[in-house]
Structures are given as C-alpha cells and as structure tokens.
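> Fold the following and give me the result.
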Amino acid sequence: MERTFALLPYRDRGHSKWTGTRWLITCILASIWVLYWNCSSRASQLTTTTFYSNVTAPQNICPAVKGPAISHSGHIGLKGDSDANPKRLFFWYFEAEHDAESAPLIMTIGGGPGTSGMMNPMMAQSPCVVTENGTAPNPNRWTEHFNLLALDHPAGVGFSYGTLVNNSRDAAIDVYDFLQKFFRLYPHLSRNQFVISGGSYGGTYVPHIATVIHERNLALAAGKGQPGAVHINLESLMVSNPMSDATSHFTWFLQTACHSEVNNIYNASTCAEMYQILPVCLDSIRFAEQWPGWSVERRVAAHDICWSMRDGDANNGTVGEDIRKQCFSDDPLGCLPPGMRWAETFLRRPEVKHALGVENQNFTMISEKVFEEFRNHGDTMQSAYLLYEPLLSAGIRLLHYVGAKDANCNQHGIMSFLKLLQSPFQAEFLRAPDVPWPTAEDATVRVVGEGAGNMTWILIDGGGHFVAHDQPELVKSIVDHWVKNVPFN
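Numbering: from 1, shown residues only. Below you'll find the model as predicted:
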C-alpha cells in the first residue's frame, strides 16, 4: 500500500494573498508531518513490509434501525500478493452502534468450502438484512453492541480473488495474515475482545483459525513470532451446525435422512442403498487417518465414497438443510433460503459494487472452484474438532448452537464428537443437564463453566442449518449472552 500526502495551501475566500500567520502555521504543520512520516516509515520498515489495501466507506446500501450503518469494506493483500499475482481477501466491517471503539469484534466467515462470508451479515447479523428488492433495517442485528467483521475466505470466495489455497490450515494462516494487516488499518480494534463465528464447513475452518491465532500468540509471548505482529485477544468461538469431524458426520447422516421425526430425506429403497455405502465410507476414513502424515489420495478416495451418500434422490423433495421444507431445483441455491439468492443478486448490482469499492470484481456466493481445490486435497476428511482440546485447556470458550431440523449437519453427529473431546470440561459436559431456555419450545442449553460457560451446547428446536436466519431474535439473544459471558437463565 502506497502512502501519499499532499500539503494543500489554504487561501482566504476574501483575500488574494497569504497572511504571514497562516503561512507560518502551514510551514510548522508541514515540518511536523515530515518528521512523523520519516519516523513512522522507519518503524514500518523495521517491523513489517507494506501491503496492498483498498478500503472505502459504503454509503446508502445498508439502512439501519437508527440511521445509516457505519461500515468499511475493501481488499487486503496477503503474503505473496502482487499486481501480477494477486492474493486479496475482501472484508466488510460494520461498527457497533454503541461504544464501537472498545466493543468486542466478532469475525464471521462462510462455510462450503467455497461459500461467501457475506451470506451471514446479509441474512442475519448486520445492521441490515437483504430482501427481494434490496436491504432493510435489521431489528436483530448483532451490531447493536458488537463490531462485526465479515470475511470472504479463502481467496476465490465471494469478492476475494487471486492465488488459491487448498486446505484449512493454509487458509487459517492467510486469515492470521489478514488480521494482522486489518489491525494495522484499525489499530484500536486490536485491543478488543475477539470472537470467531462460523457454521457448516466453518466447523472445520474455525478450529484451524483459532489454532493458528493461539499458536502465534504463544510465540509472541515467548519473544518469537512474526516481527511487528500484535497479540490477538481471542476470547471465544461460536459455531452453528458445523461439519467438524468426517467420521461422526457421516455416521449420523443417515440417522436423520432415513429416520426423521418430521420428513425423511430418503425413501426406504434409497436408505437401503445408502446403508450399504456407510461401512465402506467409515472404513475409508479410518484407512486415510491411519496413514502417517496426510495421505491426499486416501482422503480424496474417502471423500468420494462418503459424499455419494449425500447424492440420493430426495423423498418428496425434502430439503436436507431443513427437513420441514420440500423443494425441487437443480440450482445450487434453489432450495436454500431465498436470502442467499437475494444476497447474490444484491452484491452483483453495479451501484452496490461501487459503494463497496469492488467495481472490477465478480461476486460468487458459492465457488465450485474453491470446493474442488479443497476436495482434491482431501480437506473434507479430517477430525478438526480435536483442535478444540488445547484451546479449551487454554481458557478459550466454545459455544455450539444447533438447529434441530438440519439433516446435513445434524445434532446427533455434532453431539457425538463433542462427547469425545478430551478437555478439562469433558466429564462435567457428559453429565450436565439440558435445561429449557428461555422455554422448552425455544431451545435447551447445556452449560459447563461460569457465566455463559466454557463449553456450551444449545439445541434450537425451530432452526435448520441456517439457524440464525431461521431464529434471528433467539440467536441474537444467544450471541449477546455468550459474548458478554452472561449466564443463560
């Protein structure tokens, strides 16, 4: 990023000549600036290199409950980025309505792999929500008391572009790089509480990102780490309907697909066919995991076997993301909440792209190319939940809030891997009761630890895969309790 400064002379509207006083003040200001510039430039060269950034303040595209939302958007170049070979992540940062300078910062990301992180703010979290014809104020915005940083990650997703990565670890390293540069642009936020939020394949992304941040924080504390880097105040993680473990995910997938209390995804003959695949799928995962290190070929083979279980014909069009609904469509977005299509259409409008400062970039809600990169590396076949163990032991809090009507990333598979977590809270988590909150018709909460908990599970009866979209008021209350660490009672 090139820094420039132009000293423009001030001219009195009613006079044609400079006064001596004004000229003296101008010279003094110029001298101060030159001194500051030389000192800051030397400090910058000592600690870190310059980087590409292109940031704007969007206007008139996100109406809020109390006047227009204050937000910032743009691209930040990552390590190795150049004009010839770019690698740039897009972000949209919304300031909190109250006390934005010191309010906690929630970073929200997409899933997929390959889904835009802009889906979350547009459908549930930001000061506005997308509608069929544009945007409208959001009464259930997370930004009432929290800063919200929506990130298109990895490169190739949403408005982010350039050199691709093919695995969650490298993508997490890119996020750390992005955050260090983001905090240089907004240094006051580096002092604030930091929370990571994600869902679906974000259940794999989130533990990787948290692990990289925690590792780099420890390195900095030991006097090592990246020169010029700042400590990131990672306090907690919020995960909704995640895919965090391949074994538990596919072990329990057919439980909901074939034995739902609402609508089965598959009919009896399809279930019989898929149950023939299940043991082969689980054996292929174990076979891949036994290989020393990372066997790409074995993990890709496991992916192809297990993923075929998701390709059966839906019975009566039952939607996997919400078994209460029926739909037939060949469009990848066709049977998902209409807000996803509305958001994609909205973010492709020329006037919206101009406001966001991304006129020359195309927007894609779901990137098949990114999905294939991760699939071809076998990234989908891993036990990312194991990364939570040292994080929990270090005091980083973990919340899972789950929509009960999701079959794709269903409650049984998620609870399965949570029960296996070897953490200081495992024994208590296994015997803790599920308590109705606020009522039994809304959700049940299992809390281990003080306040909102160190390890907390919330099952939301009226939610599907996109639980914040389905139950926005309830989820806002959950987020308020969690980030403020206020007990659920």
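
> who's in contact with the spatially most central residue of the chain?
For the chain, the residue sitting closest to the mean C-alpha position, by Cα atoms, centre = their mean, is Ile109 at 1.5 Å. Counting by Cβ atoms under 8 Å, 6 or more residues apart in numbering, Ile109 touches 117, 120, 150-151, 153, 175, 196-198, 202, 205-206, 209. (Glycine included, C-beta is placed from N, CA and C.)

> Out of the residues you listed, name the ones that lie in helices.
Judged by DSSP state H, the contacts of Ile109 include Asn120, Val175, Gly202, Tyr205, Val206, Ile209 as members of helices.

> quick check, nearest of those residues to Phe425?
Val206 (17.8 Å; Cβ to Cβ).

> Can you tell me the closest non-neighbouring residue to that closest one?
Using Cβ to Cβ, 6 or more residues apart in numbering and skipping residues adjacent in sequence, the residue nearest Val206 is Gly198, 4.4 Å away.

> Which strand residues bridge that neighbour?
Here Gly198 sits in beta bridges with Val239, going by DSSP bridges.

> so the residue nearest to the centre of the chain bridges to which residues?
Going by DSSP bridges, Ile109 forms beta bridges with Leu151.

> Kindly provide the distance from it to Val206.
Ile109 sits 7 Å away from Val206, taking Cβ to Cβ, to the nearest Å as the criterion.

> tell me, what's touching the two both at once?
What both Ile109 and Val206 touch, as defined by Cβ under 8 Å, 6+ apart, is the set Ile196, Ser197, Gly198.

> Please confirm that Leu398 is located within a strand.
Yes: under DSSP: H, G, I helix; E, B strand; the rest coil, Leu398 sits within a strand.

> ok, now which ones touch it?
Contacts of Leu398 (Cβ under 8 Å, 6+ apart): Ser236, Leu237, Val239, Tyr388, Leu391, Leu392, Asn454, Met455, Thr456.

> try it again with 10 Å
206-207, 210, 236-239, 385, 388, 391-392, 418, 421, 423, 425, 448-449, 453-457 (Cβ atoms under 10 Å, 6 or more residues apart in numbering).

> Now a ChimeraX select for only the buried ones of these.
Selecting only the buried entries of these in ChimeraX, with 16 or more other Cβ atoms under 10 Å as the criterion:
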select :206,207,210,236,237,238,239,385,388,391,392,418,421,423,425,448,449,453,454,455,456,457
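
> Where strands are concerned, which of the contacts of Leu398 count?
The strands, defined by DSSP state E, take in Ser236, Leu237, Met238, Val239, Val448, Met455, Thr456, Trp457 from those.

> Spit out the contact partners of the fifth one.
Pointing back at Val448 there. 392, 398, 423-432, 454-457.

> for the first one, same thing?
For Ser236, the contact set (Cβ under 10 Å, 6+ apart) comprises 104, 106, 193-197, 210, 391, 395-399, 452-454, 456, 482-483, 485.
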